[in-house]
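[1] quick one, fold the following:
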Amino acid sequence: MQSVFYPDDRINARYDIKGCEVSRWTEPAPEGSQIIVVLKDLNFEGQYVILDQQRPWLLQQVEMDTRFLQSLHVLDYSLLLAHQPLQPDERHHSLSFATLIMRTKKSVNPGSSPLHAGIAPVPEDDSTLTLSETDCRYASGGGSIPTCPEHSGPSSDAAELPDFRVQNRRLLPNLKNPLHVIDGPEQRYFIGIIDIFTVYSFKKRLEHWWKRLRHPGRSFSTVSPQTYCLRLCHWVQDHTK
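    Here you go, the predicted structure:
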């Protein structure tokens with residue numbers, strides 16, 4: 001959880017999402033309290049993750065990750081979600097195509113250094129993560145790189161991007177935590193999938209039937225990996241704009 005919610009100095013809400021309703025409510029901390037409470041699905045009802053142009057590839061990435069977990073017969077994982085407001089100076093910056101290509105090559109060859117290529121290193125500064133920089137990055141587990149429409153062109157560098165996409169790589173931003181941060185128009189979101197070690201065993205199948213008897217007509221966490229995958233994808237579709 002700390003690896004996803006980092007840096008956490010401005011995060012104002014944290015959620016653990018499973019896409020169901022049974023036991024998915026947590027009492028919020030009293031106003032003004034310093035206690036950090038991780039809320040759940042029912043606490044998020046009526047809210048949305050506002051991403052605008054970034055929404056389609058977030059949906060694609062969540063689908064890729066959950067289908068991979070489904071292929072491993074895994075269930076009961078959680079989508080961690082947190083958000084914080086963007087500062088005015090974090091909302092309107094541009095990313096040059098040269099920097100885009102440099103980061104893509106770094107992500108494919110982690111051992112390469114911008115110093116060797118004659119390019120000055122980019123400082124690790126939280127303020128450099130901007131909306132335009134996240135147009136080309138996936139937020140949850142390992143996935144492919146989408147191209148940026150505004151940077152697409154006939155150059156040879158641009159032609160290399162589909163090859164990188166095949167390798168299921170991702171751009172590296174200038175942050176200590178490059179994998180789970182995505183900016184919308186007004187909010188910065190921290191998104192990641194955790195708790196991926198519960199297999200749909202015989203014991204879990206019995207638990208599924210017991211919960212069906214105990215909670216008729218309600219959704220609960222212990223379901224088949226296929227149902228779990230589809231349900232979480234639908235939750236993300238229904239709660240993003």
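
[2] looking at this, Arg14 is in a helix?
    No. Secondary structure of Arg14, determined by DSSP: H, G, I helix; E, B strand; the rest coil: strand, with no helix assignment.

[3] so who does it touch?
    Taking C-beta atoms under 8 Å, 6 or more residues apart in numbering, we find Arg14 in contact with 5, 36-39, 80-82. All C-beta atoms are positioned from the backbone trio N, CA, C, and that covers glycine.

[4] where does Leu75 land on pLDDT?
    The score at Leu75 is 95. That number is its pLDDT.

[5] neighbours around it, how many?
    Here the count is done by other C-beta atoms under 10 Å, and Leu75 has 26 residues near it.

[6] which one is it nearest to, not counting chain neighbours?
    Distance criterion C-beta to C-beta, 6 or more residues apart in numbering; nearest residue to Leu75, sequence neighbours excluded, is Tyr228 at 4.3 Å.

[7] quick revisit: okay, and which of the contacts of Arg14 map to strands?
    Judged by DSSP state E, these include 38-39, 80-82 as members of strands.

[8] got those residues as a markdown table, with pLDDT and neighbour count columns?
    Conversion of the ones in strands among the contacts of Arg14 to a markdown table gives the following (pLDDT from 0 to 100; neighbours: other C-beta atoms under 10 Å):
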| residue | pLDDT | neighbour count |
| --- | --- | --- |
| Val38 | 95 | 16 |
| Leu39 | 96 | 20 |
| Leu80 | 96 | 22 |
| Leu81 | 96 | 25 |
| Ala82 | 95 | 24 |
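
[9] among these, which one sits closest to Val62?
    Proximity to Val62 was ranked across the ones in strands among the contacts of Arg14 by C-beta to C-beta; first place goes to Leu81, at 11.1 Å.

[10] separation between that closest one and Lys203?
    Leu81 sits 29 Å away from Lys203 when distances are taken as C-beta to C-beta, to the nearest Å.
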